[in-house]
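Chemist: Sequence and predicted structure, then a few things I'm wondering about:
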Amino acid sequence: MAIKEGQAAPDFCLAGSDGGQHRLTDYTGSKLIIYFYPRDNTPGCTKESCAFAAMHEQLLQMNVKLLGISKDSLASHDKFINQFKLPFTLLSDPDISMMEEYQAWGEKKMYGKSGIGCIRSTVLIDEQGIVIKHWPKVTKAAEHPQQVLDFLTNG
């Protein structure tokens, strides 16, 4: 299924760093930001996650929940959360099922070389599970969270 703005977001069920299982329906009634990132504790991923962390309280006041997703283990997520004091849940997608469903896994270029991996991307979902906005290829990880916040506040 392709991610299309105006259509229902694909359901998922993944283990979270908070010890729970997370499904899309758990977030009915709130907007949900899902950002996909390649790897815990790498420079771009750290900058992006810390930028989201810096605006987390503002997002909560807007009734917006936030989830970060990579194929890293929950143990890796725990270290990442503790090291950078991330105030939100990270989900582990070790078999890349959700990343594939959300078009966040595939061919990408890095430093001029092609490979297969996680495509840094973000999906904003409304209170009923409909995709409001899809950023299919985030290129500036540190600046992207502000783009998402700007979209939320200005439309």
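Modeler: Cool, got the structure.

Chemist: wait, doesn't His22 sit right on Leu66?
Modeler: No: with contact defined as CB atoms under 8 Å, His22 does not reach Leu66; the gap is 11.8 Å. Yep, even glycine has a C-beta here, placed from its N, CA and C like the rest.

Chemist: Neighbour count for these two, which is higher?
Modeler: In this view His22 and Leu66 are compared by other CB atoms under 10 Å, and Leu66 has more residues nearby, 23 against 20.

Chemist: Assumed that one was part of a strand.
Modeler: Yes: per DSSP: H, G, I helix; E, B strand; the rest coil, Leu66 lies within a strand segment.

Chemist: So in terms of bridging, what pairs with it?
Modeler: On the basis of DSSP bridges, Leu66 is bridged to Ile33.

Chemist: Now for the residue positioned nearest the centre of the chain: which residues touch it?
Modeler: Most central in the chain under CA atoms, centre = their mean is Tyr35, positioned 1.5 Å from the mean C-alpha point. Contacts for Tyr35 (CB atoms under 8 Å, 6 or more residues apart in numbering) come out as 48, 52, 66-69, 120-123, 138, 144-145, 148.

Chemist: What of Phe36?
Modeler: Counting by CB under 8 Å, 6+ apart, the residues that Phe36 touches are 68-70, 99, 102, 104, 118-122.

Chemist: One more: Ala9?
Modeler: If a contact means CB under 8 Å, 6+ apart, then Ala9 has 3, 24, 102, 123, 125, 129-131 as its contacts.

Chemist: Report the buried members of the residues you listed.
Modeler: Neighbour counting by 16 or more other CB atoms under 10 Å classes 3, 24, 102, 123, 125, 129, 131 among the contacts of Ala9 as buried.
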